[in-house]
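>>> This is a predicted model, with the sequence first.
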Amino acid sequence: MMSGDDPPEDGVGLMTIPKEKTKKPPLYKVLLLNDDYTPMEFVVYILERFFGLNTDAAHSIMLTVHMKGLAVVGVYSHEIAETKVTQVMDYARRNQHPLQCTMEKE
Ligand code: TYC
């Protein structure tokens, strides 16, 4: 767009470099919530299976959730975060555990 600041166009001279206006897509934190009933081993398995964590990392995050009430278990695009939440909620429900998983814009 031509603004008042632009010099008169004579077809000669330096090209204006356009401002980079591609927006980065927003990221979403996937949160795991504590409860009193879901077995620790089940939570560790969820973290390994759906979040690609090794056993040590999964155990450590599980304990953080257990002690603090919740923890961020990953950060993803909206679509991937939604898929992780659905996978965890479905798997927990199928195994009759009350585990809760949610997502939140970063
Ligand atoms: N608090 C649960 C227990 O003592 C373990 C647990 C950890 C549950 C993390 C959910 O997201 C969770 N069995």
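Received, thanks.
>>> Report how many residues lie close to the residue lying closest to Q87 once chain neighbours are set aside.
With sequence-adjacent residues excluded and distances taken as Cβ to Cβ, 6 or more residues apart in numbering, Q87 is closest to F50, at 5.2 Å. Any C-beta I mention is one placed from the backbone N, CA and C, and that applies to glycine too. Using other Cβ atoms under 10 Å, F50 has 18 other residues around it.
>>> F50 contacts M89, doesn't it?
No - proximity of F50 to M89 does not meet the contact threshold set by Cβ atoms under 8 Å, at 10.6 Å.
>>> Quick check: which element contains the residue nearest to Q87?
Secondary structure assigned from DSSP states H and E places F50 in helix 40-51.
>>> Packing partners of that helix?
Other elements packing on helix 40-51 under the criterion 3 or more Cβ pairs under 8 Å, 6 or more residues apart in numbering; DSSP states H and E are strand 28-33, helix 55-68, strand 70-76, helix 78-94.
>>> among these, which is the most enclosed?
When the helices and strands packed on helix 40-51 are scored by mean count of other Cβ atoms under 10 Å, the highest mean neighbour count falls to strand 28-33 (a mean of 20).
>>> Partner strands of it, with direction?
Sheet pairing for strand 28-33, assigned by DSSP bridges, gives strand 70-76 (antiparallel), strand 100-105 (antiparallel).
>>> now the angle from that strand to helix 40-51?
170 degrees (axes from the mean of the first three to the mean of the last three Cα atoms, to 10 degrees).
>>> which residues does R94 contact?
For R94, no residue meets the contact criterion (Cβ atoms under 8 Å, 6 or more residues apart in numbering).
>>> in the protein, which residue is closest to the centre?
Among the residues of the chain, the smallest C-alpha distance to the mean C-alpha position (Cα atoms, centre = their mean) belongs to V75, namely 2.6 Å.
>>> Okay, and the beta partners of it?
Partner residues in beta bridges with V75: K29, with DSSP bridges as the criterion.
>>> let's number from 30 now, not from 1
Okay, using 30 as the starting number, the last item reads as V104.
>>> how about low-confidence regions in this protein?
Low-confidence segments of the chain (pLDDT under 70): 30-44, 46-47.
>>> near the ligand, which residues of it show up?
Taking Cβ under 6 Å from any ligand atom, the part of the chain that reaches the ligand is made up of 61-65, 67-69, 72, 91, 94-95, 128.
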